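Novice: Task: produce atomic coordinates for the following.
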Amino acid sequence: MDGPDSEPLGSAVGVSEILCALLLLAGLAPGHTRIGGAAAMILIANQLVAAAVHAGAGEAQALPQNAVLIAALGSVAWLSRRYFSVR
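Specialist: Residues are numbered from 1 along each chain as shown. Reported below is the predicted structural model:
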């Protein structure tokens, strides 16, 4: 994925990371936990794309960061559903 086409994809992934992180923070507000759980799931998909972009660009050193974020976000999504969802 290295080349002129990878830069717009990398930028789109970066912008979506910031937007989803803001949604993740919004999920901390009382009554908005579903937003946080959904944002965590979207960010997991985002990090999978980011990992593919890093791998395609030969940036293997960034992959452990993606793995840690995916694990942490998976925990947030699970906790959000398990303990904070409205039934």
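Novice: Check which helix or strand the residue nearest the centre of the chain maps to.
Specialist: The residue lying closest to the centre of the chain (C-alpha atoms, centre = their mean) is L43, at 2.0 Å. Using DSSP states H and E, L43 falls within helix 33-56.
Novice: and that helix, what's its mean pLDDT?
Specialist: The average of the pLDDT scores along helix 33-56 is 89.
Novice: Just want the angle from the helix or strand that comes right after it to helix 33-56.
Specialist: The helix or strand immediately downstream of helix 33-56 is helix 63-83, counting by DSSP H and E. Going by axes from the mean of the first three to the mean of the last three C-alpha atoms, to 10 degrees, helix 63-83 is angled at 160 degrees with respect to helix 33-56.
Novice: From the contact counts, what lies against helix 63-83?
Specialist: Packing contacts for helix 63-83, counted by 3 or more C-beta pairs under 8 Å, 6 or more residues apart in numbering; DSSP states H and E, involve helix 33-56. All C-beta atoms are positioned from the backbone trio N, CA, C, and that covers glycine.
Novice: what distance separates the helix it packs on from the centre of its chain?
Specialist: Its chain's C-alpha centre and that of helix 33-56 lie 3 Å apart, by C-alpha atoms, centre = their mean, to the nearest Å.
Novice: what do you get for stretch 7-21?
Specialist: Per C-alpha atoms, centre = their mean, the centroid offset for stretch 7-21 relative to its chain is 10 Å.
Novice: Can you tell me what sits against that stretch?
Specialist: M1, A39, I42, L43, N46, V49, A50, V53, A57 (C-beta atoms under 8 Å, 6 or more residues apart in numbering).
Novice: Turn the buried ones among these into a named ChimeraX selection, would you?
Specialist: What follows is the ChimeraX syntax selecting those of these that are buried according to 16 or more other C-beta atoms under 10 Å:
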select :39,42,43,46,49,50,53,57
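Novice: and of the contacts of stretch 7-21, the nearest to H32?
Specialist: Of all those, H32 sits closest to A39, with 10.1 Å by C-beta to C-beta.
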